[in-house]
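Take a look and give me a structure for this.
(chains A and B)
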Amino acid sequence: MRFLTIAFKDLNIRLRDRKGFIMMLLMPIILTAILGSALSGMFGESGSLPSTTLGVWNSSDDNLTEEFLDQVLQGKDMKAYITLKKYADEASLRDAVERQQIDVGMLIPSEWGEGLTKGEVKNVTIFTDPEKELQSSIIESVVTSFVDRVSSVYFATTVVAQELATEVPVSALVSDLPSITTDLANQLSEVVASDVNFVETEQDGEEPISGMQYYAAAMGVMFLLFNTTVGATSIIQERKTETLARLMSSPIRRSTIIIGKFLGTFYFSFLQFLVFMIATHYLFDVSWGSNLLQTVAVGFAYSIAVSGLAMIIAGFIDDEKTTDSVGGIGVQILAALGGSMVPLAVFPESLQRIANIAPNKWALESLTEIMSGTTWSALSLPLLVLSLIGLGALFIGSLRLRIK
Amino acid sequence: MLEVKDLKKSYGKKAVVKNVSFTIEKGESFGLLGPNGAGKSTTISMICGLIPYDHGEVLVSNHSVKKSPMLIKQKIGVVPQEIALYPTMSAKDNLLFWGKMYGLTGSVAKKRAEEVLEFVGLKDRAKDRIETFSGGMKRRINIGAALMHEPELLIMDEPTVGIDPQSRNHILETVKRLNEKGMTIIYTSHYMEEVEYLCNRVGIIDDGEVIALGSQAELCNRLAGGSVIQLIVENKSDEAIDAIKQLENVSQILHTDETNQLEVFVKNPHDRLGEIVSTAVHQGMKIVSVDIKEPNLETLFLQLTGRSLRD
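Predicted structure coming up:
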């Protein structure tokens, strides 16, 4: 188990490097905060109704109209979005719309509510600011919906009363008909005022993710990629200072050293991922999805990929400066290609296909899918790809690894 | 203890070690002396099993390095030329790490680390990071790391490069004590005086070949001319050099066109000095300085190769 000693030694050395550790953790947190806040508009996170100030001139003083204003427009569901202002006449209402003091104006004609109970539909007039079409459409829908309900009650009551009058002997009905009709109308009135649609809505498809969520995943994935350079540099430094040669002159196999070095990078990467995940969750309230095990599995597989790539860089490059330059540029290219800078969806299709070569693309895609809700079977391909990238790179890197 | 037979190593067409052979007995302190690039480190690396040899054989306690590398590595302690330590780890953590690489665990490793720190005189700095140490202290821990598993054979590759005289003396004393305790030592250096101080037997290596091998006394007896009179002159001429060569007891003169230095190999140098100087002056040379070097490994190397050890 001497490979574990080598791996923990590497982890220990990296944790002692406070500057490096802070850079690897603090930088992604800062960038997540900046990018997540600045670019949140690009994401489908604001799905609520826009707040609307509605001006009303009500020339109808019946109960149903009052009920519409108090129970529907200012009911518990709509109150959060609609602020109601009452006006004394049509002119002042129009003036308020023109001055943009209110978003939408509504003129309720006299005896509007009473008319509805008799099957007479009088038109409500909506004054619209051209810049607030969405708000005016919402108000129009609410009015239309209310009118439809009341009309339905009126027609249902009428039809039932007529049917009863036709089918039941008059002697049996004559004394009860008015009360039956009134009871029916009252019961249906409750339906009119009710905010229950009798339709249960459920989220269909994936949860939209916020900008903060996206950039937490993107920055986490991008900064984990820097471990390819850090891991490779560690091996090159060991080669330069001859600690690698010293390891080789001790009674341990070459494979033990290689696995130890690989695990050293892996431990740090995985730890960095977990710490970053916890930090962003508590600092920015980032939800990493409902299935924590899936997130951890992606972090695990991605850390394998990153550690393998570190070995391949150390196998092909001899000095630290070249590693830093090549690694730095490589990480930037992969980060851009893999969607860490800008979401991959905005890229042309051909570029999205090329992005499949970037391990961070697989990791980022998987993490955002987990945030939206996904299945283990959907994750199996990226997990396999990431693991194979890591193990393949480890194999090639170890063949190329030189001691001196 | 160690037998090296006809060892050869080439990189491409360049042969860097050519038929090197020597043996070292248990408890012996053997010096491998040669200038930089002579092939000392390559020979050492092959003995350690670090790089494979093309031809020949290395036997440690009658076990082949090729056939039983793990067994032999366990018997050997290697002090590399570089400070092969982890600078951000403490001295003690470094020792513990290298001890674990040789199979030491738990309390055994800790106890041994304490002993080694005591031995190299750095017990009070056990918890300090290596990066805070002076060059000499780093070198001492570098040696300590090789001592953790109490090897039978300690191989030291230029362990005093780039350190102050005080630290150098400390290291030499440490090596001497280890040898006195019975540890077999191979000490490579291009500092003749270190090898002279520490080693019972010496192999002189140049251009990948062992050009002289034996005890110090045996090697000095090989010096045909005895001592060397070193002259720094002006107006050097071939006629003057030829005239000195004709003098009695002068066996050889080494000089190059680039310098004004003459190395005159001569028996009884104190008796012959006056005649040599007057001949040189008579031939038109101006004497700037005169130095007599007694027979030693440096003069032997000079005679054998025409170059100084530190060229």
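
Next to chain B in this structure, residues from the stretch 201-350 of chain A, please.
Along the stretch 201-350 of chain A, the residues adjacent to chain B under the rule CB under 8 Å from any CB of the partner chain are A:241, A:242, A:243, A:245, A:246, A:247, A:248, A:249, A:250, A:251, A:252, A:253. For every residue, glycine as well, the C-beta is placed using N, CA and C.

Convert the helix or strand encompassing the fifth one to CSV, retaining C-alpha atoms only.
What it means is residue A:246. Following DSSP states H and E, one finds residue A:246 within helix A:243-248. C-alpha atoms of helix A:243-248 as CSV (Å, rounded to 0.1, in the frame of the first residue of the first chain):
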residue,chain,number,x,y,z
THR,A,243,13.0,12.6,-5.6
LEU,A,244,11.5,10.5,-8.4
ALA,A,245,14.9,8.8,-9.0
ARG,A,246,15.1,8.3,-5.2
LEU,A,247,11.7,6.7,-5.2
MET,A,248,12.8,4.4,-8.1
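
Can you list the neighbours in contact with that helix?
For helix A:243-248, the surrounding residues in contact (CB atoms under 8 Å, 6 or more residues apart in numbering or on different chains) are A:6, A:235, A:238-239, A:254, A:257, A:403-404, B:45, B:50, B:78, B:80, B:84-86, B:98, B:101, B:145.

For the stretch 51-200 of chain A, which segments count as helices?
Ranges of helices in the stretch 51-200 of chain A, per DSSP state H, counting those that start in this stretch, are A:63-67, A:90-98, A:112-117, A:133-167, A:170-173, A:177-193.

what about the third one, average pLDDT?
Average pLDDT, helix A:112-117: 84.

From the contact counts, what lies against that helix?
helix A:63-67, helix A:133-167 (3 or more CB pairs under 8 Å, 6 or more residues apart in numbering or on different chains; DSSP states H and E).

Just the contacts of helix A:243-248: which are in strands?
Residues from these lying in strands, with DSSP state E as the criterion: residue B:78.

Quick one: buried ones out of the contacts of helix A:243-248?
The neighbour-count test (16 or more other CB atoms under 10 Å in any protein chain shown) marks A:6, A:235, A:238-239, A:257, A:403, B:45, B:50, B:78, B:80, B:84-86, B:98, B:101, B:145 as buried among the contacts of helix A:243-248.

Out of the residues you listed, which one has the lowest pLDDT?
Out of the buried ones among the contacts of helix A:243-248, that is residue A:403, at 67.

Strands of the chain, start to end?
In the absence of a named chain, chain A is used. A:52-58, A:82-86, A:104-108, A:125-128.

Chain B was what I was after
Counting by DSSP E, chain B has strands at residues B:2-11, B:14-24, B:29-33, B:55-60, B:63-64, B:76-79, B:153-157, B:184-189, B:201-206, B:209-215, B:227-234, B:250-255, B:261-266, B:286-293.

Can you say which of those is nearest to chain A?
strand B:76-79 (4.6 Å; CB to the nearest CB).

if we can go back for a sec, which of the residues of the stretch 201-350 of chain A next to chain B tops the neighbour count?
Compared across those, residue A:249 has the highest neighbour count, 26 neighbours, by other CB atoms under 10 Å in any protein chain shown.

is it true that that one touches residue B:47?
No - between residue A:249 and residue B:47 there is no contact under CB atoms under 8 Å: 9.8 Å.

Show me the common contact partners of these two, please.
With CB under 8 Å, 6+ apart as the test, residue A:249 and residue B:47 both reach residue B:76.
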